[in-house]
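Student: Got a sequence here, can you model it:
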Amino acid sequence: MVKTKIAEQLFHGAEGYNCAQAILKTFQKEFEVDEQAIVAAARNGGGRAEGGLCGALYAAHQLLGDNPLQQKIDMDFIAKGSSVRCREIRTERRLSCKQCVSLAAQNLQGMLGT
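Tutor: Numbering: from 1, shown residues only. Presented below is the predicted three-dimensional model:
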């Protein structure tokens, strides 16, 4: 749960990270994410991620790469937020953006076994 709390604090925290950036920064050491990638992720928040994905989920996909665990996290987003797409999740109002960040962090932390 530690990573989940870190991600939640980073999201719109003092640094002003969006959802994608909060996930990348939270798992920066584990996935060897450089600062430039975190800065560049500013374009992937607020419904602007590729394919309309939730930015937090998009960042998780970026960290996982071509890994079958992506399906597990996608299914968790669908179960809890009704979709993997930002606008649909926000329209349904089942998850807030902060809860999406938390859900992505929780899934990544569980996959890492930490």
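
Student: Give me the three-state assignment for the closest residue in space to E8 that isn't next to it in sequence.
Tutor: Across the structure, with C-beta to C-beta, 6 or more residues apart in numbering as the measure, the residue nearest E8 apart from its sequence neighbours is S102 (5.4 Å). All C-beta atoms are positioned from the backbone trio N, CA, C, and that covers glycine. When the structure is reduced to helix, strand and coil (DSSP: H, G, I helix; E, B strand; the rest coil), S102 reads as helix.

Student: Might one say that A104 is in contact with I23?
Tutor: Yes. Shown here, A104 and I23 form a contact pair, counting by C-beta atoms under 8 Å, at 5.2 Å.

Student: which residues are common contacts for these two?
Tutor: 7, 56, 59-60 (C-beta atoms under 8 Å, 6 or more residues apart in numbering).

Student: And the pLDDT at T114?
Tutor: Confidence per residue is given as pLDDT, and for T114 that number is 67.

Student: Could you list the low-confidence segments of the chain?
Tutor: Of all residues in the chain, those with pLDDT under 70 make up the ranges 114.

Student: taking the shared contacts of A104 and I23 one by one, which sit in helices?
Tutor: Within these, residues falling in helices by DSSP state H are 7, 56, 59-60.

Student: sorry, back to before: which one (most neighbours) among the shared contacts of A104 and I23?
Tutor: Using other C-beta atoms under 10 Å as the contact criterion, the top neighbour count among these goes to A56, which has 37 neighbours.

Student: contacting residues around that residue?
Tutor: With contacts defined as C-beta under 8 Å, 6+ apart, the neighbours of A56 are 7, 19-20, 22-23, 97, 100-101, 103-105.

Student: on that earlier part again, for A104 and I23, work out which one has more neighbours and name it.
Tutor: Set side by side, A104 and I23 show unequal neighbour counts under other C-beta under 10 Å, the larger going to I23 at 34 against 31.

Student: what separates the helix or strand harbouring Q99 from the chain centre, distance-wise?
Tutor: In this assignment (DSSP states H and E), Q99 forms part of helix 97-112. Centroid separation for helix 97-112 versus its chain: 6 Å, with C-alpha atoms, centre = their mean, to the nearest Å.
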